[in-house]
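Trainee: could you work out the structure for the sequence below:
(4 chains)
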2 protein chains.
Amino acid sequence: MEAFRRHLRDRGLPVTQQREVVAAAVFFAERHVSVGDIEQGLLRQGEHVGKATVYRTLELLQSADLIQEHDFGEGFKRYEPLAARGYHEHLICLRCGRVEEFASERFERMSTLIADEHGFRHHHHRWEIYGVCPECQRRDPTARRPPTPQREEHER
Amino acid sequence: MEAFRRHLRDRGLPVTQQREVVAAAVFFAERHVSVGDIEQGLLRQGEHVGKATVYRTLELLQSADLIQEHDFGEGFKRYEPLAARGYHEHLICLRCGRVEEFASERFERMSTLIADEHGFRHHHHRWEIYGVCPECQRRDPTARRPPTPQREEHER
DNA sequence: TTTCCTGCAAATCGTTTGCATTAAA
DNA sequence: TTTAATGCAAACGATTTGCAGGAAA
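Mentor: Numbering: from 1, shown residues only, chains lettered A, B, ... in the order given. You can find the predicted model right below:
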């Protein structure tokens, strides 16, 4: 939050109400929110911020390295705060969309190694595991993932 | 090709001209073609197949487990034939979009292990490494990825 | 004031769908 | 003939963009 204000001031950009609430929405979210989640959350608090502004602020936050964008193949993107959390990978539930994390410094190193072997300069990597979480297995051991349009909360 | 015909006959579905050419376009492509690539390729051969039919055929090929869909974050999907090729992961060039493969039975096992640790039932995983390929490094050691709208060949 | 932002609506772009027409079996 | 597929154009859904009006510095 403070880091974002500093980032903006450092390059002479205005610190607006909208930028503050959108940043807060991502920083203080449980985790991995979609643009829909952010809008819903803000509306619930009585804040109204236009979609375009949400997208523009997310872009700013990314270029400031304060959040990270993810695409888990749901048809829309999710965002997570980067502050003070080490590198980690994601485990995604195909039924409810819940996202868990697991550490992997080790894979970071392996990726670099493999890139080297192919002569590539390593930039980043993605390791995602898709499956069915314990709760969903218990709930219905056979069902398949229902389509999830971006409207309500998708987290958990 | 033959497997696709068999798959169709087995469920009483017509083996049409369009299905054959679209399937061939993916099977015999160098690799990892987009819908745009497929259309272009067919047009070049004088074949005209509607976009909708291309998408519908790709869906069929996927449910027959003959091709695999990928999303490398370019804004559109790519498809690769699954025939006779072992499990492998992808190394993607951020500048030219070129895709290389590397084997990884080992990571298949690791994914299952990690899923187990979290109580998830493992379904599939994704391990992708993004970087800059040797040619692009040589060409211009500092440039960044240009946006790539889906029009022409994206492969290589 | 000046400059940069915001909100809205329109535009984009890949992908999907409805429906009248046409091709397989 | 019967049944299912095709092609076109319209619909979709997330994201982006143009622009008139509004808020920071």
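Trainee: for the helix or strand containing A:Thr112, packing partners?
Mentor: For A:Thr112, the element it lies in under DSSP states H and E is helix A:105-117. Helix A:105-117 sits against strand A:121-132, strand B:121-132, with contacts defined as 3 or more Cβ pairs under 8 Å, 6 or more residues apart in numbering or on different chains; DSSP states H and E. Bear in mind the C-beta positions are built from the backbone N, C-alpha and C, glycine included.
Trainee: contacts for it?
Mentor: Here helix A:105-117 makes contact (Cβ atoms under 8 Å, 6 or more residues apart in numbering or on different chains) with A:Gly86, A:Tyr87, A:Glu89, A:Arg121, A:His122, A:His125, A:Trp127, B:Leu91, B:Phe102, B:Ile129, B:Gly131.
Trainee: name the residues of it that are buried.
Mentor: A:Phe107, A:Glu108, A:Met110, A:Ser111, A:Thr112, A:Ile114, A:Ala115 (16 or more other Cβ atoms under 10 Å in any protein chain shown).
Trainee: would TSV of the residues you listed with pLDDT be doable?
Mentor: Output for these, formatted as TSV (pLDDT from 0 to 100):
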residue	pLDDT
A:Phe107	77
A:Glu108	81
A:Met110	87
A:Ser111	89
A:Thr112	93
A:Ile114	93
A:Ala115	95
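Trainee: between these, which is closest to B:Arg95?
Mentor: A:Ala115 (14.0 Å; Cβ to Cβ).
Trainee: who's in contact with A:Ile92?
Mentor: Here A:Ile92 is in contact with A:Phe72, A:Arg98, A:Val99, A:Glu128, A:Ile129, A:Tyr130, A:Gly131 (Cβ under 8 Å, 6+ apart).
Trainee: now pLDDT too, for those, in TSV please.
Mentor: Converted to TSV, those look like this (pLDDT from 0 to 100):
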residue	pLDDT
A:Phe72	95
A:Arg98	91
A:Val99	94
A:Glu128	95
A:Ile129	95
A:Tyr130	96
A:Gly131	95
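Trainee: check which helix or strand covers the most centrally placed residue in chain A.
Mentor: By Cα atoms, centre = their mean, chain A has its centre lying nearest to A:Tyr79, at 2.2 Å. Assigned by DSSP H and E, A:Tyr79 belongs to strand A:78-81.
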